[in-house]
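Student: sequence and predicted structure, then a few things I'm wondering about:
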Amino acid sequence: MRRVYVLCAALVAVLLVAACGGSGTGSNSSAPSSPATSSASTLNAMLPASIRSSGVLTDLVNSPYPPMEYQAETGGPIVGVDISLAMAAAKLLGVRLQVTNTPNFSELIPAVQSNRTNIVWSATFDLKSRLGTVHFVNYFRTGDEFLGLKATSANLTANKDLCGKTIAVQAGTSFPVQIAKLSAQLCGSSSSMKVLTVQTPPEQALQVKIGRAAALVNGPEANAYVASQEPGKWHVIGNIFDPVYFGVMFSKNDPKLGQAIQAALKELIKNGTYGRVLSQWHLSQSALSYPSIDTQP
């Protein structure tokens, strides 16, 4: 579909490489930034004292999940929608963004709970089931979408066509629960949808290619990127189900940090940076007009 994702990624990598270091298994850091205006000073003052004192905002991400966070080139910095937005927010807050990657999505929530990271800005669903543990500042509209090989398009056109079939999902996500709900609605007990769990989106695609799964499930942003990398090979199956927001995750014990991130996002929306980032990645349809905390569509 959108081959321009690769071009955008390359451009962002060039722009960020001077400000980021490390690799997909290490960490990236934006250049130090100090509040330069009264507005920036106000935003900086909203941060918890420990972050103001260190001058560093730590962000744990789960890469690769293009176009949200991934390496555009081997050994290069992690780039993507989330990285661009997080760096812009950190600049407004007058702190340095330190990005660290984990290949396992299931590590994200425990990392926030144990204070190993200040935030997780990494395409994470704001779900009611998670709110007793962490909180979210919403910034992106998405949902669940099935993707299958073009060769199966004649037989797999609707969500219900996956009854009795196996779906590749990423470990630690909410997709298994949502698929179970959808299966209960569309399929009989003898033909329920099955789940095959793997660690990364590339592994999901592999399982479909080798025939162990009939389809994979991800957000439409990730599926569009997968399809753009292999034109004519993939097709979307059915319609988006379970619409949801991506949120910046923060600790339930640190509401002040959530309020600071929310204020920074409000400013990014107001000054146009937010819209430009989403437009650059051809995701304007996922924009929110207000960064709410802990709300669902």
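Tutor: Done, it's in.
Student: got the residue ranges for the helices in this protein?
Tutor: 4-17, 38-46, 49-54, 81-93, 108-113, 175-186, 201-209, 220-229, 255-271, 273-280 (DSSP state H).
Student: from Leu92, how far off is Asn223?
Tutor: Distance check for Asn223 against Leu92: by C-beta to C-beta, to the nearest Å, it reads 31 Å. The way it works is simple: take the backbone N, C-alpha and C, and place the C-beta from them, glycine included.
Student: picking up where we left off before, check the helices of the chain for me and report the most buried one.
Tutor: Comparing the helices of the chain by mean neighbour count (mean count of other C-beta atoms under 10 Å), helix 81-93 comes out on top with a mean of 25.
Student: with adjacent residues omitted, what lies nearest to Ala158?
Tutor: Computed as C-beta to C-beta, 6 or more residues apart in numbering, the closest residue to Ala158 that is not its neighbour in sequence is Gly238, at 4.7 Å.
Student: looks like the one you found contacts Ser153 (just checking).
Tutor: No. Taking C-beta atoms under 8 Å as the definition, Gly238 is not a contact partner of Ser153, at 11.6 Å.
Student: more neighbours: the two, which one.
Tutor: Using other C-beta atoms under 10 Å, the more surrounded residue of Gly238 and Ser153 is Gly238, with 18 against 13.
Student: residues touching that one, list them.
Tutor: 145-146, 157-162 (C-beta atoms under 8 Å, 6 or more residues apart in numbering).
Student: these, buried ones only, as a PyMOL selection?
Tutor: A single PyMOL command selects the buried members of the contacts of Gly238 (16 or more other C-beta atoms under 10 Å):
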select buried, resi 145+146+159+161+162
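Student: from Ser174, how far off is Ala242?
Tutor: Ala isn't right for residue 242; it's Asp. Between Asp242 and Ser174 the computed distance is 8 Å (C-beta to C-beta).
Student: can I get the contacts of Gly238 in CSV including pLDDT and distance to Ile261?
Tutor: Shown next, in CSV, are the contacts of Gly238 (pLDDT from 0 to 100; distance: C-beta to C-beta, whole Å):
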residue, pLDDT, distance to Ile261
Glu145, 96, 27
Phe146, 98, 32
Thr157, 96, 41
Ala158, 97, 39
Asn159, 97, 34
Lys160, 97, 39
Asp161, 97, 40
Leu162, 98, 37
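Student: can you give the strand pairings for the top strand by length along the chain, parallel or anti for each?
Tutor: Ranked by number of residues, the top strand in the chain under DSSP state E is strand 234-251. Take DSSP bridges as the rule and strand 234-251 pairs in its sheet with strand 119-125 (antiparallel), strand 134-149 (antiparallel).
Student: appreciated, that's everything.
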